[in-house]
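1. okay, here's the prediction I keep looking at, along with the sequence it came from:
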Amino acid sequence: MTPVTEPPLGEIDDEGERRALERSWRRRPGIAGWFTVTTHQALGKRYIVTAFVFLLIGGVEALFMRLQLARPDNPLIGPDKYNQLFTTHGTTMMFLFAVPMMEGMGVYLVPLMLGTRNVAFPRLNAFGYWMFLFGGIFLYAGFLTNTGPDAGWFAYTPLSGPQFSPGKRVDIWAQMITFTEISALCVATELIATILKMRAPGMSLTRIPMFCWSMLVQSFMVVFAMPAVMVASNIFLLLDRTVGTHFSNAAEGGDPLLYQHVFWFFGHPEVYIIFIPALGMVSSIVETHTRRAIFGYPAMVLSLVSTGFIGFGLWVHHMFATGLPQIGEAYFTAASMMIAVASGVQIFCWIATMWSGRVHMRTPMYFVLGFVFIFVLGGLTGVMLAAIPLDLQVHDTFFVVAHFHYVLIGGALFPLFGAFYHWFPKFTGRMMNDALGKINFWILFVGFNLTFFPMHILGLKGMTRRIYTYPAEMGWGPANALATVGACIILIGGIVFIANALASRVHGEIAGPDPWDGGTLEWAADSPPRNYNFVNLPVATSRYPMWTPPEERVVVTGVRHDRREALVTTLMDAEPPIWPFITALLLGLGLVGATFRFSWYYPAFGATGIGLIGWFWPRRPEGVRS
Amino acid sequence: MRRDAALWAAILAGPLVWFISMQANFALAPWACALQWTPALFGVSFVSLAITAGSGLLAWSEWQKLGRELPGESGGAVARGRAMALGGMILSAASFLVILAQTIPHVILGACE
């Protein structure tokens, strides 16, 4: 490895070496290639597109719920289908859209930002994607056959237990969790290893891009949080339902609150698992579109880390109405209020960055400013809900629905749309239409506030969640009608976004590698990036290597081009095999079967073992002779 | 090696002690109520505050030894040490504040509320 001065960064004049890289990193053509791909760009895009499809499905479900609630005594949807709708909507948005979408963005962007060729453990990456896809298909197979889960996205016992939820609906929910959590853990493992071990030479701790820091914190949170939900859904709930254990059966010495504790030990960090990557996206957008180094980099990083830690100490604020000792609940009130400090630090740092930089008001910045406005409102109602007396008054009402939509849509979806506009040129090589993007923003912003702001008032007037209709004399009709109009406007905003993306994909202005004059390394790669990202791996000479004068940029030479090779891990052991797909398929079939008969676990694990043997069977890498 | 251990301890001690303190008090609350003995809750909080303050001081003393400068963009052991020391100070301070906030209920509420 020899660092040499070779401007411009990422280019090389030796066509032979470029051809060798193309050959080493090419994907198999045809259908076989579709099942064997292991490059992070392809899998990242698959995660993003699949999660976006689930966003659309979950959005349509929400729209049906809004249509049902638009007027009192509406006969459009019955209670049973409504129960399935809100459960599937919540489950889809949390498990099939938000987390996989953020992880897909991480899978796509992190290796580019770190200046490497792929994520660590690329085959695990492929396996994780297939598990996620199979889990989503499984949930919707149930929903479309009138076996959709109907006990809420957190499936509280005893409602979700065998006594009150017979049939297979809750089993499908519980097993779907297994699929998506395996997938999330796969991505978290890859990203932790990639960020800690595969950074470009020179990329010290204080030069890691903010988005990569956010994905690192999020990945550690996934590792500690996801096992909790698997314990809740697979051990407590599924064993109670299929084997006859009594984890949640108070009559036999079980405790339904234990389920809630374990579920929310996952469930509250889940909010930050979704929200923290969005903070990284906001930082990337702000620094690029103000062309100023992020203000208070160490404070921003430490705020993310603090949020990651404190996020694990808030879960009981979801359980204030369960009758726990008040002094115990008060600890969680205190922690819930203190976490606002960490978020506040970041918001002030972004404002300071914009204040001291030169803001270019393009579409991504519109979404960032929209995020700040909406998220601050959601944060304020969050602090209100941290107060036990108020929480008890509005518990399980639409006030809570309004709060978490302000936090999750404001805190994650708006930054995500900003990120789509920001990185679309990198994904596709073409710019999105900026004027249409701004129209898109205003439609979504108005539609969002029209939908969810009235829900605060509905909640304060006593309208509870998860009711499929209400009598006219309650006086909730006008606010509900307004919220439904807002939901239809959000739909229009979604259509405008899709139309813009599809049209720009074909007719958009050619972007070039660095259309925004960005500072981080993803902008050194071609748009869209080659399978190997960089011809010569870059060296991070500063926190913003692309803002370094071209004559001072440095690349690494000496890495083999005729094999899949990167730095640190030395060998990207990722010749494209079909075994991750086969292993995911066998394990998936087993898990689906076990939903109906427990004994399916045995052949499932046996078959998965066969898949793993194929996966890990020693092979001689290409280019190495006997 | 000793410095690395000290810096890691300074970074991790605050959040870990906070988490243990919260769990311990949450679990102790019913016992403190049954026995009418609130000092147990105060004891856990004060010990946790002391350890967290100690970890902050440890981070501060390492930062002093490393030249009392903010971590810049440069790499290397010194810059990394400064970044870790700063992280230790801030995480300890944040943990101290959260533990302090969680001690307030002991004063306002009795163990049985």
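-> Great, that's in hand.

2. so which other helices or strands are in contact with the helix of greatest length in chain B?
-> In chain B, with assignment by DSSP state H, the single longest helix is helix B:2-35. In terms of contacts (3 or more CB pairs under 8 Å, 6 or more residues apart in numbering or on different chains; DSSP states H and E), helix B:2-35 is packed against helix A:297-310, helix A:326-356, helix B:39-65, helix B:77-108. For every residue, glycine as well, the C-beta is placed using N, CA and C.

3. now that helix: buried residues?
-> B:6-7, B:9-19, B:21-22, B:24-26, B:28-29, B:32-33 (16 or more other CB atoms under 10 Å in any protein chain shown).

4. please apply the same query to stretch A:31-47.
-> A:35-47.

5. what does stretch A:452-465 give?
-> Neighbour counts over stretch A:452-465 (16+ other CB under 10 Å) mark A:452-459, A:463 as buried.

6. residue with max distance from the center of chain B?
-> Distance from the C-alpha centroid of chain B, by CA atoms, centre = their mean, peaks at residue B:34 (28.9 Å).

7. any figure for the gap between it and residue A:316?
-> Using CB to CB, to the nearest Å, we find residue B:34 at a distance of 20 Å from residue A:316.

8. where does the stretch 451-600 of chain A come near chain B, residue by residue?
-> With CB under 8 Å from any CB of the partner chain as the criterion, the stretch 451-600 of chain A meets chain B at residues A:542-543.

9. closest residue of the stretch 451-600 of chain A to chain B?
-> Using CB to the nearest CB, the closest approach of the stretch 451-600 of chain A to chain B is made by residue A:543 at 5.1 Å.

10. next one: phi and psi at the closest residue to that residue other than its chain neighbours?
-> Counting by CB to CB, 6 or more residues apart in numbering or on different chains, residue A:543 lies nearest to residue A:207, which is 4.6 Å off, once chain neighbours are set aside. Here is the backbone geometry of residue A:207 (degrees, to the nearest 10): phi -120, psi 0.

11. touching, residue A:207 and residue A:538? I think so.
-> No. The criterion here is CB atoms under 8 Å, and residue A:207 misses it with residue A:538 at 11.9 Å.

12. who are the contact partners of the spatially closest residue to residue A:175 that is not a sequence neighbour?
-> Spatially, and ignoring its direct neighbours in sequence, residue A:175 is nearest to residue A:595 (4.6 Å; CB to CB, 6+ apart). Residues in contact with residue A:595 (CB atoms under 8 Å, 6 or more residues apart in numbering or on different chains) are A:168, A:171-172, A:174-175.

13. after the helix or strand where residue A:595 lies comes which helix or strand?
-> Secondary structure assignment for residue A:595, by DSSP states H and E: helix A:579-596. Sequence order places helix A:601-616 as the next helix or strand after helix A:579-596, per DSSP H and E.

14. residue ranges in chain B under the pLDDT threshold?
-> B:1, B:111, B:113 (pLDDT under 70).

15. sorry, back to before: tell me who's in contact with the residue nearest to residue A:543.
-> Residues in contact with residue A:207, defined by CB under 8 Å, 6+ apart, are A:540, A:542-543, B:73, B:75.

16. ok, and the most crowded of those residues?
-> residue A:540 (26 neighbours; other CB atoms under 10 Å in any protein chain shown).

17. what's the angle from the longest helix of chain B to helix B:77-108?
-> Here helix B:2-35 runs at an angle of 10 degrees relative to helix B:77-108 (axes from the mean of the first three to the mean of the last three CA atoms, to 10 degrees).

18. in stretch A:511-525, which residues are buried?
-> Going by neighbour count (16+ other CB under 10 Å), the buried part of stretch A:511-525 is A:511, A:513-516, A:518-525.

19. pLDDT for the buried residues of stretch A:31-47 - can I get that in TSV?
-> Putting the buried residues of stretch A:31-47 into TSV (pLDDT from 0 to 100) gives the following:
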residue	pLDDT
A:35	90
A:36	89
A:37	90
A:38	90
A:39	92
A:40	95
A:41	95
A:42	94
A:43	96
A:44	96
A:45	96
A:46	96
A:47	97
